[in-house]
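>>> sequence first, predicted model second:
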Amino acid sequence: MLPISLFVLFFLQPHIHFALCKKHDTHFFDICPPSRCNDSGPEIRYPYRLDSSPESCGVPGMVLTCSEEGDTVLTLPNFGTTVVQVINYQLFGYVTVRLGNSWPSCLLQNLTMMNLTTLLYSPMTTPISLITCPKMLTLNNDRDSLTGPVSCLSSPDKYIYVVSAYESMDVIPFGCMMLENGINILRRSYADVKFDKSISWEVIVDDFLVRRLVTLEWIETNITKKCLQCEKNGKRCGYDLTRNEAFCKPHDLNVRAISGTRSKRISYIYYKIYLQMHK
């Protein structure tokens, strides 16, 4: 004969486990709600957190700060501060930032300083070539892979232009010479930008040199991989300290609670039947 204590445990254990898991799930989102530095700024949620929130609300190193002006600031150790423009939690996981004043004014003069690869991020890049011309060129639509001149590198007797490294050298105008070939510059992602036509080469280059926009993709870890899966399925990502792992927030925790209540009633009925059988 099965002891009453074991009988009760057999039927109630799954619901006890459910209740504990539900408690952990809801507790995280209670203490780590989404936030913004301003009404139009990017939403800050796990794996990111604000520096004013508990450490458990974000991945170590993925910490953001609100400036006095209301900007969302990401500080890259050994590199400087950046202002966050976009956080994409769904596609490949990335953040697009604007380089701050601590960065060189002429970015093409300091490309060796622009390796932003860290344990958390891998910057998007595109290969370019630099050409020097004795006079300013008249650019037209047929030369979409050629843009410039780059003002901080040019002078009255030489004009520096940026060419896509994927292009044939036939696009180099007569009288111009190759200055640098196959070097990488940082670039931004356009996955979050809606355009009526394809992005031009001029826009890609100016976004880096003029607007100083750069996209940093997340390095894949167990946590970021799980969070991307959550977001792609329309759920939010959180972290459970007791299980030491990321988890997906259900669409509606109330539905789970109702379902759990119904199951508990069924277990109670089984228990009453057991008592009747063993009177």
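Happy to help now that I have it.

>>> could you report the distance from Leu74 to Leu216?
From Leu74 across to Leu216, the span is 8 Å (Cβ to Cβ, to the nearest Å). Any C-beta I mention is one placed from the backbone N, CA and C, and that applies to glycine too.

>>> identify the contacts common to the two.
Common contacts of Leu74 and Leu216 (Cβ atoms under 8 Å, 6 or more residues apart in numbering): 95, 97.

>>> if I look at Glu69, how far off is Ser35?
Glu69 sits 17 Å away from Ser35, taking Cβ to Cβ as the criterion.

>>> please apply the same query to Glu231.
17 Å.

>>> neighbour count for Glu69 and Ser35, which is higher?
Under the criterion of other Cβ atoms under 10 Å, the comparison of Glu69 against Ser35 puts Ser35 first, with 18 against 9.

>>> how many neighbours does the spatially closest residue to the more buried one that is not a sequence neighbour have?
Beyond its immediate neighbours in the sequence, the residue positioned closest to Ser35 (Cβ to Cβ, 6 or more residues apart in numbering) is Ile44, lying 5.0 Å away. Neighbours of Ile44 under the rule other Cβ under 10 Å: 24.

>>> which residues does Ile44 contact?
The neighbours of Ile44, taking Cβ under 8 Å, 6+ apart as the test, are 34-37, 50, 64, 72, 87.

>>> got it, and Trp201?
144-147, 164.

>>> can you give me the strands for the chain?
49-50, 63-66, 72-76, 80-88, 94-99, 121-123, 125-133, 146-147, 159-164, 177-186, 213-218, 236-240, 245-249 (DSSP state E).

>>> would you turn those strands into JSON lines with mean neighbour count?
Written out in JSON lines, the entries for these read as follows (neighbours: other Cβ atoms under 10 Å):
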{"stretch": "strand 49-50", "mean neighbour count": "20"}
{"stretch": "strand 63-66", "mean neighbour count": "19"}
{"stretch": "strand 72-76", "mean neighbour count": "19"}
{"stretch": "strand 80-88", "mean neighbour count": "19"}
{"stretch": "strand 94-99", "mean neighbour count": "22"}
{"stretch": "strand 121-123", "mean neighbour count": "19"}
{"stretch": "strand 125-133", "mean neighbour count": "19"}
{"stretch": "strand 146-147", "mean neighbour count": "22"}
{"stretch": "strand 159-164", "mean neighbour count": "22"}
{"stretch": "strand 177-186", "mean neighbour count": "14"}
{"stretch": "strand 213-218", "mean neighbour count": "23"}
{"stretch": "strand 236-240", "mean neighbour count": "20"}
{"stretch": "strand 245-249", "mean neighbour count": "17"}
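
>>> closest to Ile204 out of these?
Proximity to Ile204, assessed across these by Cβ to Cβ, is greatest for strand 125-133 (6.7 Å).

>>> most centrally placed residue in the protein?
Against the mean C-alpha coordinate of the chain, by Cα atoms, centre = their mean, the closest residue is Tyr94 at 2.7 Å.

>>> was I right about that one contacting Glu217?
Yes. With contact defined as Cβ atoms under 8 Å, Tyr94 counts as touching Glu217 (4.5 Å).

>>> so what sits against both of those two?
By Cβ under 8 Å, 6+ apart, the residues touching both Tyr94 and Glu217 are 124, 189.

>>> now Thr96: closest residue in space, sequence neighbours ignored.
Closest residue in space to Thr96, ignoring its immediate chain neighbours: Val86 at 4.2 Å, by Cβ to Cβ, 6+ apart.

>>> and the one you found, what does it touch?
Under the criterion of Cβ under 8 Å, 6+ apart, the neighbours of Val86 are 42, 95-96, 192.

>>> those into a markdown table, with extra columns for distance to Lys235 and pLDDT?
As requested, the contacts of Val86 are exported to a markdown table (distance: Cβ to Cβ, whole Å; pLDDT from 0 to 100):
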| residue | distance to Lys235 | pLDDT |
| --- | --- | --- |
| Pro42 | 19 | 97 |
| Val95 | 20 | 97 |
| Thr96 | 23 | 97 |
| Asp192 | 20 | 79 |
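
>>> need those residues in JSON lines with distance to Leu209, can you?
Compiled in JSON lines, the contacts of Val86 are given as follows (distance: Cβ to Cβ, whole Å):
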{"residue": "Pro42", "distance to Leu209": "24"}
{"residue": "Val95", "distance to Leu209": "20"}
{"residue": "Thr96", "distance to Leu209": "16"}
{"residue": "Asp192", "distance to Leu209": "21"}
